[in-house]
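Engineer: okay, predicted coordinates and the sequence, questions at the end:
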Amino acid sequence: MTDSTIDAKPHPTLADWYGEDAARQGYINRLFDKGSTHYDWVNAVMSFGSGYRYRDEVLHRTKLQPGMRVLDVACGTGPVAVAAKRIVGPSGRVVGVDPSRGMLNVARQKVDANFVEALGEALAVRSESFDLVTMGYALRHVSDLLAAFGEYRRVLKPGGRVVIMEIALPESRLRRRFLGWYMGRAVPLITRWGTGSRDAEQMMRYYWDTTEQCVPPATILAALRDAGFREVRRDVQWSMLCEYHGVR
Ligand SMILES: C[S@@+](CC[C@H](N)C(=O)[O-])C[C@H]1O[C@@H](n2cnc3c(N)ncnc32)[C@H](O)[C@@H]1O
């Protein structure tokens, strides 16, 4: 059943970036294709080198075990897939999904996994075939939260889990202002200086704009419940690193 009160778009139309909604996904794909070779460097710098360790800790909180099957939606260059493969081991399986060929090409060089070029809201994989669906820092890029969460539920085995990692705006005004300065100004400039790439700088500016404009956590939790997940909860670390959990 669909709750008509949920705004299924993760953020309003950002006309300054891509014009109208019909152009959004093509614009994002080009943005990530062009920034793909710089993403890992930027990710390491902006998280002070903690990005891989944090993703690993999140996966352990989902009770992921050796031998399990993981679908990493919006896998990008593969930081979540790498952590997942380390845990599930040779008897387990990791599949990464992403619409950006550039990002997938980087991921393929790093991790023994299968990769599929697809959108989170239209997964080209079999129903009831995964123990865990993950999505790291990409919820803002799907066209429709309910469509994406419906797909995650479809591909999970009964009892399977979903975990979505996102950055949330801190409640404290001071922390929010600091985060806005850091992610909105400092990170794009550091990216430009460190990579020499205007495309990578744009990728990080878009990253922050979509984070700032994203629907509030309550909407994301409601959409997960509406898609049929139970035991839905949000955990927050350092007032801004957010994990959304649910069980099919
Ligand atoms: C910021 S990167 C996140 C990469 C990685 N998951 C991580 O943890 O760092 C966002 C990714 O979302 C992907 N993406 C964009 N639109 C998407 C969509 N509609 N469905 C799934 N992934 C999408 C992009 O191609 C990009 O690789």
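Structural biologist: Yep, it's here. Numbers count the residues shown, from 1 in each chain.

Engineer: let me see the mean pLDDT of the one helix or strand Met203 maps to.
Structural biologist: Assigned by DSSP states H and E, Met203 belongs to helix 198-213. Rounded to a whole number, the mean pLDDT of helix 198-213 is 96.

Engineer: longest helix in the chain, please.
Structural biologist: Secondary structure of the chain read by DSSP state H shows that its longest helix is helix 24-46.

Engineer: buried ones in that helix?
Structural biologist: When neighbours are counted by 16 or more other Cβ atoms under 10 Å, the buried residues of helix 24-46 are found to be 24-25, 28-29, 31-40, 42-43, 46. For glycine as for every other residue, the C-beta is placed from the backbone atoms N, C-alpha and C.

Engineer: is Val73 in a bridge, and if so with what?
Structural biologist: In this entry, Val73 is beta-bridged to Val97, Met135, by DSSP bridges.

Engineer: tell me, how many residues neighbour Thr77?
Structural biologist: Look at Thr77: counted by other Cβ atoms under 10 Å, it has 28 neighbours.

Engineer: equivalent analysis for Thr210, please.
Structural biologist: Thr210 is surrounded by 19 other residues when neighbours are defined as other Cβ under 10 Å.

Engineer: tell me where the protein has strands.
Structural biologist: Secondary structure of the chain, counting by DSSP state E: strands at 69-73, 93-98, 114-117, 130-136, 156-167, 230-237, 241-247.

Engineer: out of those strands, nearest to the ligand?
Structural biologist: strand 130-136 (2.6 Å; Cβ to the nearest ligand atom).

Engineer: where in the chain is pLDDT low?
Structural biologist: Per-residue confidence of the chain (counting by pLDDT under 70) places the weak regions at 1-6.

Engineer: which parts of it sit against the ligand?
Structural biologist: For the chain, the residues found near the ligand under the criterion Cβ under 6 Å from any ligand atom are 28, 32, 43, 73-76, 79-80, 98-100, 103, 119-121, 136-138, 141-142.

Engineer: buried subset of those residues?
Structural biologist: 28, 32, 43, 73-76, 79-80, 98-100, 103, 119-121, 136-138, 141-142.

Engineer: okay but Thr147 is in contact with Glu121, surely?
Structural biologist: Quick fix: residue 147 is Ala, not Thr. Yes: using Cβ atoms under 8 Å, Ala147 and Glu121 qualify as a contacting pair, with a distance of 4.1 Å.

Engineer: name the residues that touch the helix holding Met203?
Structural biologist: Residues from elsewhere that reach helix 198-213 (Cβ atoms under 8 Å, 6 or more residues apart in numbering): 10-12, 14, 17, 28, 31-32, 34-35, 38-39, 42, 46, 137, 140-141, 166-167, 169, 180, 183-184, 187-189, 191-192, 195.

Engineer: let's see that with 7 Å instead.
Structural biologist: Residues outside helix 198-213 that contact it (Cβ atoms under 7 Å, 6 or more residues apart in numbering): 11-12, 14, 17, 31-32, 34-35, 38, 42, 140, 167, 180, 183-184, 187-188, 191-192.

Engineer: with stretch 236-245 instead?
Structural biologist: Defining contact as Cβ under 7 Å, 6+ apart, one finds that stretch 236-245 is touched by 54, 58, 161, 163-168, 170, 172, 175, 179, 217, 220-221, 224, 233-235.

Engineer: could you tell me the end-to-end distance of stretch 16-30?
Structural biologist: This stretch, stretch 16-30, spans 16 Å end to end (Cα to Cα, to the nearest Å).

Engineer: try stretch 209-224
Structural biologist: Stretch 209-224 stretches 23 Å from its first residue to its last (Cα to Cα).

Engineer: could you do stretch 187-207 as well?
Structural biologist: Taking Cα to Cα, stretch 187-207 runs 10 Å from one end to the other.

Engineer: how far off centre is that stretch?
Structural biologist: Its chain's C-alpha centre lies 19 Å from the corresponding centre of stretch 187-207 when counted by Cα atoms, centre = their mean, to the nearest Å.

Engineer: okay then, goodbye and thanks.
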